[in-house]
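S.K.: Task: produce atomic coordinates for the following.
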Amino acid sequence: MGFFSSLGSFFSSVGSVISNAVSSIGSALVSSSSKLLDIVGTRLYVVSVIIQVVAALIGVLTKEDDVEELGAKAMESDKKPEEFDSNAEYIDYLREEVKLDKEKFDKANDVEKAARTAVGSIIVAKGISEQKGFDIPLETWVAMAKLNLTDKAQEVDKLLETFKDGKLEDFAKYVDGKLDIKKEGEIGDDLLNMYKKLEPNTSIEEIEDRVMKMDVGGK
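M.R.: All right, here's what the predicted structure looks like:
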């Protein structure tokens, strides 16, 4: 009980730090960041890495950008996301016009680091959705984390494209083992076809085994 109690207290404190930054980041970003915390829990940093590598792959971020630093800048800025015409413009503003308080950044405690990471992850995830032209449910990023795809940016990008037509939620449910047999078969077939194209030199047996193992059952 002690571990789970302390974990709950930690994330409650992170949520408070995010809420206290509402004057800088706005209520919409506070709400989305808090929702992210509720969904990802201890996978926050894995999710943030996946979001960052995909964003760098498709040009939402540069290789020098850092999700946590963007979150810190957002929480210190005097302009909210809704003051910009696009999320890309907001990221450019944070990157180029907001100076990071390096001393404050380096001295942050774990709660503050998690808060900045959550905020930055939402900003960048929205940038990915904006560039892609379709919504990416937060649960999808958690599914990618459960599959340990932190160093597989191209694979994650291909998964997003494969299931972009309203199937990203089903993909996340597939990973959690929460689909009925018919839907599970459909998503499984889509995955098989995707990997055949992505890795034409891999045997069908290896691909089938990989797809079956992607149903991690929420572990």
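S.K.: what comes up buried for the strand or helix carrying residue 205?
M.R.: Assigned by DSSP states H and E, residue 205 belongs to helix 204-213. Under the neighbour-count criterion of 16 or more other C-beta atoms under 10 Å, helix 204-213 has 207, 211 buried. Any C-beta I mention is one placed from the backbone N, CA and C, and that applies to glycine too.
S.K.: again, but for stretch 52-61
M.R.: Across stretch 52-61, burial judged by 16+ other C-beta under 10 Å covers 52-56, 60-61.
S.K.: Stretch 68-87 too?
M.R.: Under the neighbour-count criterion of 16+ other C-beta under 10 Å, stretch 68-87 has 68-77, 79-81, 87 buried.
S.K.: And the helices in the chain?
M.R.: Under the criterion DSSP state H, helices of the chain are mapped to 2-20, 22-40, 44-58, 67-76, 87-97, 102-106, 110-132, 138-146, 153-162, 168-175, 181-198, 204-213.
S.K.: what's the average pLDDT for the second one?
M.R.: Computed over helix 22-40, the mean pLDDT rounds to 94.
S.K.: Likewise for the fourth one?
M.R.: When pLDDT is averaged over helix 67-76, the result is 96.
S.K.: Next: the fifth one.
M.R.: Rounded to a whole number, the mean pLDDT of helix 87-97 is 97.
S.K.: Over to the shortest one?
M.R.: Confidence for helix 102-106, expressed as mean pLDDT, is 93.
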